[in-house]
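> Predicted model and sequence follow; I will ask about them next.
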Amino acid sequence: MVVIVGQCNHRNDEVTKLKLKCQSRLALLRKVARGSVGSSVPVLRTLYISVIRSIIDYSASNLITLSRQKRQSLEVLQNEAMRIISECLRTAKIETIRHEIGLPTLAQRIKAVATNQIVKSLNTADDGIFKQAVMNPKGKDKCNKWLNSARELLSTINVSDYLDNNQYVVPELPPWDFPEINVSFSDLTYRKSDVPIEMLRQDFLRRFSALPQSASVLYTDGYLQGNGRAGAGVALYQDGILQESGSLAIRASNHCSTTQTELLGISAALTIAKSELGGVTIVSDSMSALQSIVSESSGSNKLVNRI
């Protein structure tokens, strides 16, 4: 990888060229998806990753200084690709589609790839100039925008573990995609059907107040109707206010178990939690789902493994 520090004055042109390249290849993805034979979601996902996202991966280290507006313009490209892959209507929430396809946001992907590229450069730079500029900046290097962004990325990992060790590669999913998760629950001393709703509410508030306080709270629930229709829902509250952008509803396979629907809701909540800053509390009323998450004998369950 070659990085020219201090000569990044044409970010607008670079982003425009990236978008043009990606948009031309979106036409190919659309043609394959709508062909007479048709392709499955895994095939279309692989095509997107190898033909379209790979262009952005190649430029990841040069994109870490992009403004939020420019990053969002690239995110729109992936959103369009996900709609093509899933064949969802425009009314479908993009977070729901992303969860179903299993793709990180481009912002997360750029961070992951750029971190790998920077660490690789630090390990292979023979003259030590690049390493000196990043790790021990002096003079104008302290004010360089790209170097500051690179140092900010490296601060999210224990960089000393990755230097001078070419056999150790930064994980594809970066540390910021793996928040620490603590699962806690306790048995009820009564049956929910035997007590008034207000008593259930008071009991929940008492238990909830004992948890570490978080600005963001995700409530999950699953449902299984009498006709076999199943699904799950997630509601995001920030500082006690419902956030429509972080709330979604997901359809599950008909006639699946209630535990599966509850696990689907928890899995979707974790996807949303990745984009939130600070601690996030996820609330579920399913004892069976929570027990399956912490159980060592649930390894064959795909949803549990995803969580």
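Sure thing, it's come through.

> pLDDT below threshold where in the stretch 1-150 of the chain?
Per-residue confidence for the stretch 1-150 of the chain (pLDDT under 70) gives these ranges: 1-12, 36-38, 125-127.

> go again using 80 as the cut-off
Within the stretch 1-150 of the chain, the stretches with pLDDT under 80 are 1-14, 35-39, 89, 96, 99, 122-128, 130-131, 135-136, 138-143.

> Provide the contact partners of the longest strand anywhere in the chain at residue level.
If you go by DSSP state E, the chain has its longest strand at strand 241-252. Defining contact as CB atoms under 8 Å, 6 or more residues apart in numbering, one finds that strand 241-252 is touched by 93, 95-96, 99-100, 218, 222, 230-238, 260-261, 264-265, 268, 272, 276. The way it works is simple: take the backbone N, C-alpha and C, and place the C-beta from them, glycine included.

> Are any of these buried, and if so which?
93, 95-96, 99-100, 218, 222, 230-237, 260-261, 264-265, 268, 272, 276 (16 or more other CB atoms under 10 Å).

> about what we covered before: out of the contacts of strand 241-252, which are inside helices?
Judged by DSSP state H, these include 95-96, 99-100, 260-261, 264-265, 268, 272 as members of helices.

> Which members of these define the maximum pairwise distance?
Spanning the widest gap among the ones in helices among the contacts of strand 241-252 are Glu95 and Gln260, at 20.0 Å by CB to CB.

> ok, longest helix in this structure?
In the chain, assigned by DSSP H, the helix with the most residues is helix 11-33.

> just checking, what packs against that one?
Packing partners of helix 11-33 (3 or more CB pairs under 8 Å, 6 or more residues apart in numbering; DSSP states H and E): helix 41-48, helix 54-58, helix 68-86.

> Generate JSON lines for those, with mean neighbour count as supplementary columns.
What follows is those, written out as JSON lines (neighbours: other CB atoms under 10 Å):
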{"stretch": "helix 41-48", "mean neighbour count": "17"}
{"stretch": "helix 54-58", "mean neighbour count": "16"}
{"stretch": "helix 68-86", "mean neighbour count": "17"}
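
> and the direction of the longest helix of the chain versus that of helix 68-86, what angle?
10 degrees (axes from the mean of the first three to the mean of the last three CA atoms, to 10 degrees).

> Dump the helices and strands packed on helix 11-33 to TSV, plus distance to Lys192.
Listed next are those as TSV, based on distance: least, CB to CB, whole Å:
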stretch	distance to Lys192
helix 41-48	37
helix 54-58	48
helix 68-86	36
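
> Ala114: which of these is closest?
helix 54-58 (9.4 Å).

> Contacts for the closest one next, please.
Around helix 54-58, the neighbours that count as contacts under CB under 8 Å, 6+ apart are 18, 21-22, 25, 63, 74, 106, 109-110, 113.
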